[in-house]
Structures are given as structure tokens and as C-alpha cells.
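**Student:** What would the 3D arrangement of this be:
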Amino acid sequence: MVHTAHGQPEVAFEAANAAYEAGEYNDALTRYESLLETHRHFESEFNAGNAAFKLGAWGRARLHYERAKLLDPSNEHLQANLALLESKIVDRITAIPKLGLTSWLSSWVGPGRLTGWVCWTLLWWSLSWVLWMVRWRKTSQDSRNTIGFLAFASLLLGLIGLGCVRESNARMESARQLVVMSERVDVTSSPSASGTVLFQLHEGTCAFILDRTPGWTEIELDNGNVGWIPEPATEDV
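**Tutor:** Predicted structure coming up:
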């Protein structure tokens, strides 16, 4: 299923869609990726993932789907396509349930929550200023105290929202995951080709980034396995 960019008369985007509908998936993927170099939005990421999937390029498909997920994590079509893609990937990784504050924060301030937190912040700040203006017009001290308390509470909620906006934006701007782009790659115990091979990963597998050193990235899988992977074999989400 190809998504369209609502309200965007972008010629390049429509040309990429036309190529996809014509079954010219290589051309479509090239056009989507060229567009994404300057204009990042969900529809192009999602459609690029679809084109790559049609080509059997599991790594590129996973990369674009994961990038689309940062923009709209609850999209049903994306979730369905990701599930289908995961059935094609060699590695079967069972996630360990994550508990505690870190998991809670990730669910509330992930990149896909940015728009919601911006709206939350603007709402409470606007309400706060309205309440302060109303307070200045009141003559009763009790009314002034009550409205002042509500205005302060609204301002505080707005500040909390601002903090969440900054965190959500930071998570979107800084890569926290990568995708294996090589057909097969060794994961070692140290950032060196001479390190002990711990396990192998295959194209399309996604991992969390823990650390970096020139030419190497330390990763963690959903099942808790940790190791170093050569940078040229991966691409950041």
C-alpha cells in the first residue's frame, strides 16, 4: 500500500509514487531516498520501505520502516509491514521485557510523541497566561489566590511539557538504533577484527547503539546480547 503526502504537491514525491505503481521499484526507491535527503516525512519513509521490500532489500526496508516509525509509531499499516518484514529476516530475537523508569520514559517521550507534547505545552502555557489575565481583573483576594494557584499549576504543566518536547526531539535527532545492512556480519567481544566472535547478525536486524569508537559500534539486542559490530556493515536509523 502506497501512502500519499496529504496537501503536498511535491513533484518528486509524485514521480516516485508513479514509478512504484508502475512496478519500477528500483527507480522508486532511488527517488524516495533522494527526496528524503532534503525533506523528511512519514509517507516517503514508508513508501521507500515498501519499495525496498519489493526488491528483497531487507536492510533498506527495515531502515526506512524504522525511520518512519520515529515519525508515526502507531501507524497500523507500518506495524503490519514491519511484522511481515521481520518474518523475512534470518535472526529471531526474543525481546526481554523492560521494566522501570527507563521503559516508562521511552513510551512517553519517544520521537513519535513530539507533536503531542508540543500541543500539550502550548495548551497549558496559553491557559496559564489567560488565568493570569483573569486574576488581575479580580478584586476578591480569595478569587485571586485560587486563580493564581491554577495559573501556576498550568505554567508548571507547560514546563513539564517543554522538557518532554526537548527529550522527544533529542531522541529523534540522535540515532539510538542501527540496522544491519550486510548480508551477514560477525559481532565481536571488542572493537577489533581480532576480537572473539560472539555471534552473527544478518541483513535487516535492528539493534540499540551503546557506544562508538572509530570504525566500530557497540550494540545491544532486544534479548540483552551485547557486542561490537563494524560500522560499514550498518546504518543509523
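**Student:** Let me see the residues that make contact with the longest strand along the chain.
**Tutor:** Taking DSSP state E as the criterion, the chain has its longest strand at strand 206-213. Strand 206-213 has contacts (CB atoms under 8 Å, 6 or more residues apart in numbering) with 62, 66, 175-180, 191, 201, 217-221, 226, 229, 231, 236-237. Heads up, the C-betas are built off the backbone N, CA and C, glycines and all.
**Student:** elements contacting the host helix or strand of residue 169?
**Tutor:** Secondary structure assignment for residue 169, by DSSP states H and E: helix 141-173. Applying 3 or more CB pairs under 8 Å, 6 or more residues apart in numbering; DSSP states H and E, we find helix 141-173 packed against helix 114-137.
**Student:** pull the helix or strand with minimum mean pLDDT from this structure.
**Tutor:** helix 101-108 (a mean of 58; mean pLDDT, DSSP states H and E).
**Student:** Surely residue 108 and residue 163 touch.
**Tutor:** No - using CB atoms under 8 Å, residue 108 is not in contact with residue 163, being 11.4 Å away.
**Student:** contacting residues for residue 117?
**Tutor:** Contacts of residue 117 (CB under 8 Å, 6+ apart): 109, 161, 164-165, 168.
**Student:** Could you confirm residue 228 falls within a strand?
**Tutor:** Yes - looking at residue 228 with DSSP: H, G, I helix; E, B strand; the rest coil, it is inside a strand.
**Student:** buried sites along stretch 51-64?
**Tutor:** Using 16 or more other CB atoms under 10 Å as the test for burial, stretch 51-64 gives 51-53, 57-64.
**Student:** re the thing from before, the longest strand of the chain - what's its average pLDDT?
**Tutor:** Mean pLDDT, strand 206-213: 95.
**Student:** so whatever helix or strand comes next after it versus strand 206-213, what angle?
**Tutor:** Counting by DSSP H and E, the next helix or strand C-terminal to strand 206-213 is strand 216-220. With axes from the mean of the first three to the mean of the last three CA atoms, to 10 degrees as the basis, strand 216-220 and strand 206-213 are set at 140 degrees to each other.
**Student:** For this structure, which residues score under the pLDDT cut-off?
**Tutor:** In the predicted model of the chain, residues 1-9, 97-107, 109-112, 170-175 satisfy pLDDT under 70.
**Student:** please redo it, this time with the cut-off set to 90
**Tutor:** Along the chain, the parts satisfying pLDDT under 90 run over 1-11, 38-41, 70-74, 92-118, 135-144, 148, 161-176, 222, 224.
**Student:** Domain boundaries for it, per the record?
**Tutor:** Listed domain ranges for the chain are 11-86, 101-173, 177-236 (source: automatic domain parsing).
**Student:** Span of the longest one from start to end?
**Tutor:** The first and last residues of domain 11-86 sit 32 Å apart, counting by CA to CA, to the nearest Å.
**Student:** follow-up on the earlier one: partner strands of whatever helix or strand comes next after the helix holding residue 169, with direction?
**Tutor:** Of the helices and strands lying after helix 141-173 in sequence (DSSP H and E), the nearest is strand 177-180. In the sheet, strand 177-180 lines up against strand 206-213 (antiparallel), strand 234-236 (antiparallel) (DSSP bridges).
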